[in-house]
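S.K.: Sequence first, predicted coordinates after that:
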Amino acid sequence: MAKIEVSMAGNLWKLLKQEGDEVQAGEEVAILESMKMEIPVEAESGGAIKAVLKAEGEFVDEGEALFELE
Amino acid sequence: MFTKILIVNRGEIACRVIQSCRALGIKTVAIYSEADRDALHTSLADEAYDVGPPRVFESYLNVDKIFAVAKEANVDAIHPGYGFLSENADFVNRCLKENIVFIGPSPETMTIMGDKVSARKHMKAAGVPVMPGTDDPVASAEAAVSFAEEIGYPVMLKAAAGGGGIGMEKAADAEALEKAFHSNQRRATSYFGSGSLYLEKALEAPRHIEVQVIGDQIGNVIHLGERDCSIQRRHQKVIEEAPALGLSEDLLQRLRQAAIQAAESLNYENAGTLEFLVEDDAFYFLEMNTRLQVEHPVTEEVTGVDIVKEQIRVAAGKKLSVDQAQVKRHGHAIETRVYAEDPKTFFPSPGTIEVFHVPEGEQIRLDTGVRAGTEVTPHYDPLLAKVIVSGKDREDAVRNMQKTLNESEIQGLKTNLPFLREVLEHPDFVSSNVTINFVKDHF
């Protein structure tokens, strides 16, 4: 099952997609805040979002998944 | 004079403040989050207190916890450094209530200068030139567009409560402005709790020039000259120097005069900086930072005035140790900010520092918050250290800085050292031909 993971640790500032949304490969799906900078998180592959795994304001570690795709 | 000072900050600036306290024979108290248990500032202070989890709202901005520490450690004053609580008027009022001296200006000054719209109004009234722009926040994207058509594009959209380049965007036409308005309103609301935005005319290729001021409680206000901070990436400074070269004597006099006028109009106490944009022979007020600046060391190196010591002295009610006529400037100083970030994309790069080496020398000053073994976490600003190098003139200082950076080595995480080295070799930097577009144009 495909997941959208973050490549850098940080605070999950904004989720730009929700359950049921279709995403394209390369599309911005969330914004992380790390070292006082906004870092966009992009989907590596496209698909429909089956589950949102993290909430805004949560701290996420490198490699953790934000979304599960169908 | 104070006997014990609490420093409510971390990293290089906490270490820097500890140094001046020590020179004055004042004991220091540090606070640290769980992520900073082994940080340099934690170990340098005479006492250190755990104030909570890594996230800033739970630790470095946790005001109740901070005052509990202040009481327990029995401090008589608090130094805020920069960032965090340094420009928070509520925090200063709380200090007053708790009978602890805040080392900085009054909460009233902070409130006026903290809101960029009210700061503009104040400066205009004080006779300081401001950029053509809206006197009040713009209510909607449509209102922004119609105002922009009056003053002409490009315009700069800014968050009234903003800072650090966040919520700030240049727009070249109506379409870009509308888009910028919506995204920056969201961002400003999220970051600063206020989505209030205003517009200013944008200059094509200005320089960022700022003037350091300091005032005491007796009513003396002096300036310590100007700094050129035009080398910026993402609206944040990377390289600063003092003095600023290539400005006419007449322009320099007007800049300094405006800075003094501004500070006097506020009955300004403690250290502050008036930031200006300079283009051709004109200058415009940008903002006033009512605190110590990151780049204060270049001014210290050319004037010999220890700004942190002066801050502490004046907060204790003492007179400034120098008057305007005694401030002399010698030579040239350059500061490079070493960030934990990718040198090409400028994206942050947390990690553990394995090797940290900056050569020592008479002309070299290192203000660092890290050492080998320090874990650099994603929770805070990526500034690791500042390398400050002096010379008898700019050419000499540039040469010394090139050598110092070439001999420096940091391993274990990505830093902007390769970027800094490239800037130092760039012909436009070497010939002092830079504007705030330098990084965007050349990198």
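M.R.: Sure thing, it's come through.
S.K.: Phi, psi for residue 48 please.
M.R.: No chain was given, so I picked chain A. Backbone geometry at residue A:48, expressed as degrees, to the nearest 10, gives phi -100, psi 140.
S.K.: please go with chain B instead
M.R.: Torsion angles, degrees, to the nearest 10, at residue B:48: phi -140, psi 140.
S.K.: Quick check: it vs residue B:33, distance?
M.R.: Separation of residue B:48 from residue B:33 (C-beta to C-beta, to the nearest Å): 11 Å. To be clear about C-beta, it is placed using only N, CA and C from the backbone, and glycine gets the same treatment.
S.K.: Same check on residue B:382?
M.R.: 16 Å.
S.K.: How about residue A:53?
M.R.: Taken as C-beta to C-beta, the span from residue A:53 to residue B:33 is 26 Å.
S.K.: Identify, by residue count, the longest strand of chain B.
M.R.: strand B:221-233 (DSSP state E).
S.K.: Now do the following helix or strand past it and strand B:221-233, the angle between them.
M.R.: Where DSSP states H and E defines the elements, the next helix or strand beyond strand B:221-233 is strand B:236-242. Taking axes from the mean of the first three to the mean of the last three C-alpha atoms, to 10 degrees, one finds strand B:236-242 and strand B:221-233 inclined to each other by 130 degrees.
S.K.: just checking, what packs against strand B:236-242?
M.R.: With contacts defined as 3 or more C-beta pairs under 8 Å, 6 or more residues apart in numbering or on different chains; DSSP states H and E, the packing partners of strand B:236-242 are strand B:221-233, helix B:296-303, strand B:332-339, helix B:417-425.
S.K.: again, only this time at 10 Å
M.R.: With contacts defined as 3 or more C-beta pairs under 10 Å, 6 or more residues apart in numbering or on different chains; DSSP states H and E, strand B:236-242 has these neighbours: strand B:207-215, strand B:221-233, helix B:296-303, strand B:332-339, strand B:383-391, helix B:394-407, helix B:417-425, helix B:438-442.
S.K.: so what sits against both of residue B:48 and residue B:33?
M.R.: Applying C-beta atoms under 10 Å, 6 or more residues apart in numbering or on different chains, one finds that residue B:48 and residue B:33 are jointly contacted by B:39, B:42.
S.K.: Now the residue of chain B found nearest chain A: closest residue in space, sequence neighbours ignored.
M.R.: Nearest residue of chain B to chain A, counting by C-beta to the nearest C-beta: residue B:348, 3.6 Å away. Nearest in space to residue B:348, with sequence neighbours left out and distances taken as C-beta to C-beta, 6 or more residues apart in numbering or on different chains, is residue A:35 at 3.6 Å.
S.K.: Kindly check the end-to-end length of stretch B:424-443 for me.
M.R.: For stretch B:424-443, the first-to-last residue distance is 13 Å (C-alpha to C-alpha, to the nearest Å).
S.K.: For chain A, give me the ranges with low pLDDT.
M.R.: Scanning chain A for pLDDT under 70 picks out nothing.
S.K.: Can you pull the residues of it lying near chain B?
M.R.: Contact residues (C-beta under 10 Å from any C-beta of the partner chain) of chain A with chain B: A:7-11, A:13-14, A:31-39, A:56-57, A:59-62.
S.K.: What's the ChimeraX syntax to select whichever of those are buried?
M.R.: Burial among these is assessed by 16 or more other C-beta atoms under 10 Å in any protein chain shown; the matching ChimeraX selection reads:
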select /A:8,9,10,11,13,14,31,32,33,34,35,36,37,39,59,60
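S.K.: Okay, and which of the residues of chain A next to chain B map to strands?
M.R.: Those of the residues of chain A next to chain B lying in strands (DSSP E): A:10-11, A:13-14, A:31-34, A:37-39, A:59-60.
S.K.: hang on, the earlier thing: my guess is the residue nearest to residue B:348 contacts residue B:340, does it?
M.R.: Yes - with contact defined as C-beta atoms under 10 Å, residue A:35 reaches residue B:340; the gap is 7.0 Å.
S.K.: what do the two both touch?
M.R.: With C-beta under 10 Å, 6+ apart, residue A:35 and residue B:340 have common neighbours B:348, B:349, B:350, B:376, B:377, B:378, B:380, B:381, B:382, B:383.
S.K.: Next, the first one: phi, psi?
M.R.: Dihedral angles of residue B:348 (phi, psi; degrees, to the nearest 10) stand at phi -60, psi 150.
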